[in-house]
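Engineer: One predicted model, sequence on top.
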Amino acid sequence: MLETERLILRPWRLSDADGFARLAEDPAVMRMVGTGEPWPEERRLKWIQKQMDRFAELGYSFLAVIERASEEVTGMCGVQQLGDRDLKEIGWWVRRDRWGRGYGTEAARAVRDWAFGELDFERLDAIAVPGNGGSTNIMCKLGMSLIGECAYTELGGDIPGIQIVHYMVLRSAVVS
């Protein structure tokens, strides 16, 4: 479990399904994810189970972001393998009604520090669809640099036809 001033980041539980639905059913959130379509219940439940399994196996995954004040699922943030490459992707989603509060940056900094500290990763990568200024701003705040724009499949992603911007940061570049 990771803790910040306003957030708790912890492994997913099946009981988080309703909270995750507030993210994955929201067209405004999902227009920046994958194909841009909201996820049906079956896909949401499989995704939560996949994160639980990854965490049990690897000791990392995307985590549930819980707002301390409300104790509600407010987003997700964590690390996963990016496609079929040996790249570790840091990623985040924040509920639309929590946008503009700095939760994405707060959660991402905690995960970046965890990845470079406890997990001992040397590098983190991040991707976003072009035009996702909220995410690219967070990437810059994390000390990440733009590598370029490419097709998602070039990084081992499994969804053809999606263009992404690709950012990266090395542990050695981050000042604690």
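Structural biologist: Good, I have the coordinates. Numbering: from 1, shown residues only.

Engineer: Please go through the chain and pick out the longest helix.
Structural biologist: As assigned by DSSP state H, the longest helix anywhere in the chain is helix 41-58.

Engineer: who's in contact with the very next helix or strand once past that helix?
Structural biologist: Beyond helix 41-58 on the C-terminal side, the first helix or strand identified by DSSP states H and E is strand 62-67. Outside strand 62-67, the residues that touch it by C-beta atoms under 8 Å, 6 or more residues apart in numbering are 2, 6-13, 16, 19-20, 51, 55, 72-80, 91-92, 94, 98, 103, 107, 111. C-beta here means a position set from N, CA and C on the backbone, and glycine is covered the same way.

Engineer: Let's test this: mean pLDDT of strand 62-67, rounded?
Structural biologist: Strand 62-67 carries an average pLDDT of 98.

Engineer: what pairs with that strand, and is each one parallel or antiparallel?
Structural biologist: strand 7-10 (antiparallel), strand 73-81 (antiparallel) (DSSP bridges).

Engineer: what mean pLDDT does the shortest one have?
Structural biologist: For strand 7-10, the mean per-residue pLDDT is 98.

Engineer: Using neighbour counts, pick out the buried residues of that strand.
Structural biologist: L7, I8, L9 (16 or more other C-beta atoms under 10 Å).

Engineer: Stretch 106-126 too?
Structural biologist: Buried, per 16+ other C-beta under 10 Å, within stretch 106-126: 106-112, 114-116, 121, 124-126.
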